[in-house]
Every structure is written in C-alpha cells, then in structure tokens.
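Visitor: task: produce atomic coordinates for the following.
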Amino acid sequence: MSGGLVALLDDVAAIAKLAAASIDDIGAAAGKAGAKAVGVVVDDTAVTPRYVTGFSPDRELPIIWRIARGSLRNKVVFILPAALLLSQFLPWAITPILMLGGAYLCYEGAEKVYEAVSGHHEASGEPEIKLSSEAHEEQMVTGAIRTDFILSAEIMAISLAEVADQPFALRGVTLLVVALLITALVYGVVGLIVKMDDFGVRLARSGSGLSRGFGRGLVKGMPVVMSALSVVGTAAMLWVGGQIILHGLEEFGLAAPAHLLHDLAVAAGGALPAVSGVAEWLVQTLGSGLVGLLIGAVIVGVMHLRPRKASAAH
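Guide: Model (predicted):
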C-alpha cells in the first residue's frame, strides 16, 4: 500500500513539474510575443482616447469598456482561430500576411505625418450626428472596434510569428494569454489617461495647496501627454512596420537592406563603445522607421492620387 502511495505521489509530483514547466513555457512565449507587438500596442493606446472625446465624464469609462469587450471579441472569437488554422495548414503565408500588415502600419504612420505636415485631414464622409447622443456613442464605439480589429490582427500576427515553431496547444494558449493581457493593458491605460484630467480637476478643487497645484498641473499637462502619445504611436507604427518589411524581405532572400542596416548599427556601436547597445538600437530603430516612412509615403501618394484621377475623369 505504502509503495503504491509513494508511486502515486511521484506521479503527482511529475505532473506538477510538467504543469509548472508548461506554465513557464507559456509565460516566456507570451512575454516574447507581446514584446514584439509593443509598437502596435502603443499605437492602439494612442488611438483609442479620441473615441471618447466630447462625451460627458460619466459615459467615458462605459464607452471604453464597450470598446474593450469588442477588442477582446475581435482577438478571441475571430482572429485567434484564424491565426491557429493559418499556422497549422498554411505556415508559409504568415510572413506575407505580416508584411501586408506592416505595409498597413507604414501607410497609417505616413498618413499621420502627411496630415501633420500639410494640415489636411480626411473627411469621414459620414452624416453629421449630434455629439454625445446615443447614435454618436454607437458610431464611436463601432468605429473604434473596427480600427481595433486591424491593430489586433497585427498584434496577433506578430505574436504568432514568435511562437510559430511551438506545438499547436502552446501556440493557442500563448495567443490567448497575449490577447487577454494586451487588451487589459491597452484599455486599462486608456481608462487611466481619459480619467486623469477629471482626477486633476478634483484635486484642484479640494485638498491642500500642494494637491491643488498638482491637480492644475495634471489638467494642463494632459493635452501635452496626449499629443506626445500620438507622436510616439505614429513613430512606433513606422518603426514596427519598417522592421516587419525588412524582416520579410530577408525571409524571401532579399537580405541586403536588413544587412546594410545591421552593419550601420554595428558601426555606430563601435564608434560609441560606452553606449554601444543604445547606439545600435537607435540606428536600427531610426533606420526601420525611415524604411517604414518611405514605404508609407509611396502608399499615401498612390491613395491620394486615385481620387484626383477619378475626379479628373468626371
């Protein structure tokens, strides 16, 4: 009896060790996959707050919650099964799809640069809806979830590429963990950003002189934070998009651009040995961003040229 109990305990211990190892594998894979998608996460965080602009403070968090639920549904119900099927039956298609997503990021980033430089903003073409109405809220939530779908697809595709060589079950659990954590991170941060000025107003109206001053600083500083976040989001799109394109070209045998950028980064690190790691990272990031801006500029030019040709034809 005691021998059987010892054997059972040994089996339980072995299962526990295997489970712990699996959890470690999932955690490591999810961390690696999520880190690669950080540029898109920053952009997602930068984009979302504009969808609650103009609403009363009591509607801001409910709207963000609705968008977060839509984002999680996008990732778990639609994108995750498609990504797993793709990785199982058409793994060769992951790189081209990633490159298409990278090109889209380049286009979005370059479009924002174009709008900032030219002062031109595309008209939505949608009928005017009264601000803060139920119809306006529905329109904003729908638009946010639609935009999120594209960004979520890119996040999941980048994450999938990092675990494409893992077993099917580990891929699925890793992508599920990434979906849950990134959604919580993005919309948790968005909620904090959106309510930060309300918190500042409360501090400015009550408390000690120090807290009132801090509150006024929050209220005045939030527009600057939002502008900075928008710039960071645009830069991240160009950097990540350019990096994806360079890596994809390398996969298809066109390694010269990626190798040239790598050589420049190594040369920069050698020229600045005290901060070699930082120098290499900066050169790689700036180089990828410039590649992304160039590719995006070409796409923006084509997209803006088409309406002109259409109007000229009429």
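
Visitor: and whichever strand or helix holds Thr285, how far from the chain's centre?
Guide: Assigned by DSSP states H and E, Thr285 belongs to helix 276-313. Averaging C-alpha positions (C-alpha atoms, centre = their mean, to the nearest Å) puts helix 276-313 18 Å from its chain's average.

Visitor: what packs against it?
Guide: Helices and strands touching helix 276-313, by 3 or more C-beta pairs under 8 Å, 6 or more residues apart in numbering; DSSP states H and E, are helix 94-118, helix 209-251, helix 256-271. The way it works is simple: take the backbone N, C-alpha and C, and place the C-beta from them, glycine included.

Visitor: possible to save the ones you listed as JSON lines with distance to Arg202 and mean pLDDT?
Guide: Output for those, formatted as JSON lines (distance: least, C-beta to C-beta, whole Å; pLDDT from 0 to 100):
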{"stretch": "helix 94-118", "distance to Arg202": "33", "mean pLDDT": "87"}
{"stretch": "helix 209-251", "distance to Arg202": "7", "mean pLDDT": "83"}
{"stretch": "helix 256-271", "distance to Arg202": "47", "mean pLDDT": "93"}
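
Visitor: out of these, flag the one nearest Gly287.
Guide: helix 256-271 (4.3 Å; C-beta to C-beta).

Visitor: which other helices and strands does that closest one contact?
Guide: Using 3+ C-beta pairs under 8 Å, 6+ apart, helix 256-271 is in contact with helix 209-251, helix 276-313.

Visitor: before we move on, back to that, want to throw the helices and strands packed on helix 276-313 into JSON lines with mean neighbour count and distance to Val302?
Guide: JSON lines is the format used below for the helices and strands packed on helix 276-313 (neighbours: other C-beta atoms under 10 Å; distance: least, C-beta to C-beta, whole Å):
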{"stretch": "helix 94-118", "mean neighbour count": "20", "distance to Val302": "9"}
{"stretch": "helix 209-251", "mean neighbour count": "19", "distance to Val302": "16"}
{"stretch": "helix 256-271", "mean neighbour count": "15", "distance to Val302": "21"}
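
Visitor: output the ones you listed as JSON lines; include the columns distance to Ala279.
Guide: JSON lines is the format used below for the helices and strands packed on helix 276-313 (distance: least, C-beta to C-beta, whole Å):
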{"stretch": "helix 94-118", "distance to Ala279": "24"}
{"stretch": "helix 209-251", "distance to Ala279": "16"}
{"stretch": "helix 256-271", "distance to Ala279": "4"}
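
Visitor: of all those helices, which one comes closest to Leu86?
Guide: With C-beta to C-beta as the yardstick, what comes closest out of those is helix 94-118 (6.6 Å).

Visitor: what's next to the closest one, contact-wise?
Guide: Contacts to helix 94-118, defined as C-beta atoms under 8 Å, 6 or more residues apart in numbering, come from residues 39-40, 43, 86-87, 120-122, 150, 153-154, 157-158, 160-161, 164, 230, 234-235, 237-238, 240-245, 248, 251-252, 292-293, 295-297, 299-300, 303.
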